[in-house]
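[1] Fold the following for me, if possible:
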Amino acid sequence: DATGMLLRAARCALPFHARCALPFRSAFRFAHSGRRRGSAPPGPQPFRRGGDRRTADKLRASQKLPHRERPINNQDIGELNLVFLGTASAQATTSRAQQSVALRVQNETWLFDCGGQTQMQMLRAGIAPLSVTRIFISHMHGDHVFGLPAVIAMCANSSMQQVSASADVRRWEKIPLQLVGPVGLRAWLRTVLANSYVGLGRLRLQVHELHGLEALQQPKHVPAVLSGVPPLHGEVLAPPIWPEQGGAWSVPHPTAHGGRAAPRAPKMRIRAVEMDHTVPTVGWLLEEYPRPGSLHADRLLPLLEAHGVEKRLLGKFKLGTPIELPTGELLQPSDFMDPPTSRRIGLLSDTRDCSRAAAHCEGVDVLVHECTNACTNFDRQRGRGPDTIRRLAVEHGHSTPQMAAQFASEIGAKRLVLTHFSSRYLGSGSAYADGVMNEIRNLAKQHYGGPVTCARDFLRVEMQVNGEVHEHHPPRQPHEEWPGNIFKTASEAEGEEAVEAAAEEAVEA
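    Numbers count the residues shown, from 1 in each chain. I've put the predicted structure just below:
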């Protein structure tokens, strides 16, 4: 029609490189969407580029035209990969970065806590900034949030550099980067980014705060700054999240402009549960939407053929719709299919008591639990027993391997991964470091019968669709990678090497 002819003529009048950059098909579809409904938008049709795209959004809002979103992806999300970017507690070491865990799901990356070295660890692990879509903060201690501004700045810089309108950049223009954490996260983030002159570029931010935590009822736990900080340029305002009846906070999917749900969101449900720490803290439970079990076709197909029922009904049958035979008999899916399956992950950060999470984490496939302090041979030689170490850990709001193992045994976890180690415990993979980790692992196995793993930086836990779990351990770090203290004299360096060699010989013996 006339509108299409005008659009094609305008496109042909542009230079070749400009014609290639214009999404003509999307603009043409938009031009005709109102015409099919009897209300063609007046004036020239805007293209989806920069400010013109914002004009298109305003025009849609003024005309009240329905927005077309792609349906939620109904395919399996495939394997899940947990990558431990940082496994240290308060203080980082040369072999352990501060706390951070990345979850690779489909083509997205979700970060859980962002310690000070998260940006560098992402680069080393090969995690693209454009793949980060959601960031979850357990609490506002520095070793869990000091790397967050750097990660956001890296993502914003990547959105500015990737001006080729790739799929990830276009998604960021529609779906904001979602951040979820306790009360105080929004004000802190606004202050840090604004006072450091960070420009978000094409990136959009959406910060959800968890309200209703019991720890916030104590005046000492209320953040110093909660309001009065203006929103960031490019920030999408988000409503607070309140707890449900079961005592958990259900995290919504990221929302696009106008409050629409994110297209093609991975089929994972995320809930926050409150933990007992020295400040308001939450843990995270990740649960895959149930997948239909395997169909016993050898039993079902003969019945359908005998009664002349078409096989096209099997699609809805797998989703729970029974099939009615000509005789009036109903074939229930539960009689011909295995039970639904769902992978579940529990990520419990700093805590001295996680009993509130027991009901929500029951039977998880992988439980990631903090293990800050442990009673090793080093402590016993200095007269400190398990009770002393436990008391010190609880005073600082942390756990021991025995406490983590007992909780894993109570909830029936299938696998336990320990992380958040004190700076005393090396993660270099040397003989001495492995010996200490074996001690900690044995302490946990005294109270838990399943597999126990002491995480190191860049450990990858792969969860297959069929429920199998595989661990991929990083290689040992050679001493040449870390120069250490460059100001040490030769005699001091030789003395330390002798001490480490003696320790390794003692472990091997």
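
[2] hey, what's the residue nearest to the spatial centre of the chain bridged with?
    Centroid-nearest residue in the chain, with Cα atoms, centre = their mean: residue 110, separated by 2.7 Å. Assessed by DSSP bridges, residue 110 has beta-bridge partners residue 103, residue 134.

[3] Repeat that for residue 347.
    residue 284, residue 368.

[4] Check the gap between residue 318 and residue 443 for me.
    To residue 443, residue 318 is 46 Å away according to Cβ to Cβ, to the nearest Å. C-betas here are computed from N, CA, C, even on glycine.

[5] meant to ask about residue 218
    For residue 218, the distance to residue 443 - Cβ to Cβ - is 33 Å.

[6] and if you look at residue 476?
    For residue 476, the distance to residue 443 - Cβ to Cβ - is 23 Å.

[7] what's the answer for residue 315, then?
    51 Å.

[8] higher neighbour count, the two?
    residue 443 (21 against 9; other Cβ atoms under 10 Å).

[9] Next, the buried residues of the helix or strand that contains that one.
    Assigned by DSSP states H and E, residue 443 belongs to helix 431-445. Across helix 431-445, burial judged by 16 or more other Cβ atoms under 10 Å covers 431, 432, 433, 434, 435, 436, 437, 439, 440, 441, 443, 444.

[10] Show the contacting residues for residue 136.
    Each residue near residue 136 by Cβ atoms under 8 Å, 6 or more residues apart in numbering is listed here: 110, 111, 112, 113, 179, 180, 181, 251, 270, 272, 284.

[11] ignore the last one, residue 183
    When contacts are counted by Cβ under 8 Å, 6+ apart, residue 183 touches 209, 210, 211, 213, 216, 223, 226, 280.

[12] ditto for residue 446
    Residue 446 sits in contact with 402, 405, where contact means Cβ under 8 Å, 6+ apart.

[13] that's a helix at residue 298, yeah?
    Yes: membership of residue 298 in a helix is supported by DSSP: H, G, I helix; E, B strand; the rest coil.

[14] what ranges of this structure fall below the confidence cut-off?
    Scanning the chain for pLDDT under 70 picks out 1-76, 162-173, 256-265, 477-509.

[15] Identify the residue nearest the residue sitting furthest away from the middle of the chain in space, chain neighbours excluded?
    Largest separation from the mean C-alpha position in the chain: residue 327, at 50.3 Å (Cα atoms, centre = their mean). Leaving aside its chain neighbours, residue 327 sits nearest to residue 307 (7.1 Å; criterion: Cβ to Cβ, 6 or more residues apart in numbering).

[16] repeat for residue 124
    Nearest one to residue 124, counting by Cβ to Cβ, 6+ apart, is residue 458 at 7.2 Å.

[17] and if you look at residue 428?
    Residue 428's closest residue in space is residue 95 (Cβ to Cβ, 6+ apart), at 4.0 Å.

[18] tally of neighbours for the one you found?
    Residue 95: 20 neighbours (other Cβ under 10 Å).

[19] Wait, residue 125 touches residue 101, no?
    No: Residue 125 is beyond contact range of residue 101, at 11.2 Å (criterion: Cβ atoms under 8 Å).

[20] Please enumerate the shared neighbours of the two.
    With Cβ under 8 Å, 6+ apart, residue 125 and residue 101 have common neighbours 83, 85.

[21] Between these two, tell me which one has more neighbours.
    Shown here are residue 125 and residue 101; by other Cβ under 10 Å, residue 101 has more neighbours (26 against 17).

[22] Wasn't that one part of a strand?
    Yes: under three-state DSSP, residue 101 sits within a strand.

[23] Which residue is the nearest non-sequential neighbour of it?
    residue 112 (4.4 Å).

[24] Can you pull the phi/psi pair for that neighbour?
    phi -120, psi 100 (degrees, to the nearest 10).

[25] Run through the residues that contact it.
    Neighbours of residue 112 in contact, by Cβ under 8 Å, 6+ apart: 100, 101, 102, 103, 135, 136, 138, 284, 347, 349.

[26] of all the residues you listed, which comes closest to residue 408?
    residue 347 (13.2 Å; Cβ to Cβ).

[27] Quick check: the gap between the closest one and residue 191.
    Look at residue 347 and residue 191: by Cβ to Cβ, they are 27 Å apart.

[28] quick one, which of those two is more surrounded?
    Legend: neighbour count by other Cβ under 10 Å for residue 347 and residue 191, higher for residue 347 (26 against 13).

[29] from memory that one sits against residue 284, does it?
    Yes: with contacts counted by Cβ under 8 Å, residue 347 reaches residue 284, the gap being 4.4 Å.

[30] closest to residue 449 among the contacts of residue 136?
    Distance to residue 449 across the contacts of residue 136 (Cβ to Cβ) is lowest for residue 284, with 24.8 Å.

[31] distance between the ends of stretch 396-405?
    End-to-end distance for stretch 396-405: 19 Å, by Cα to Cα, to the nearest Å.

[32] how near is residue 154 to residue 117?
    The gap separating residue 154 from residue 117 is 13 Å, by Cβ to Cβ.

[33] Which residue of those two possesses the greater neighbour count?
    Taking neighbours as other Cβ under 10 Å, residue 154 and residue 117 compare with residue 117 leading, 22 against 18.

[34] show me what contacts the more buried one?
    Residue 117 neighbours (Cβ under 8 Å, 6+ apart): 85, 86, 92, 97, 98, 100, 147.

[35] Mind doing that once more with 7 Å?
    Contact analysis of residue 117 by Cβ atoms under 7 Å, 6 or more residues apart in numbering lists 86, 92, 97, 98, 147.
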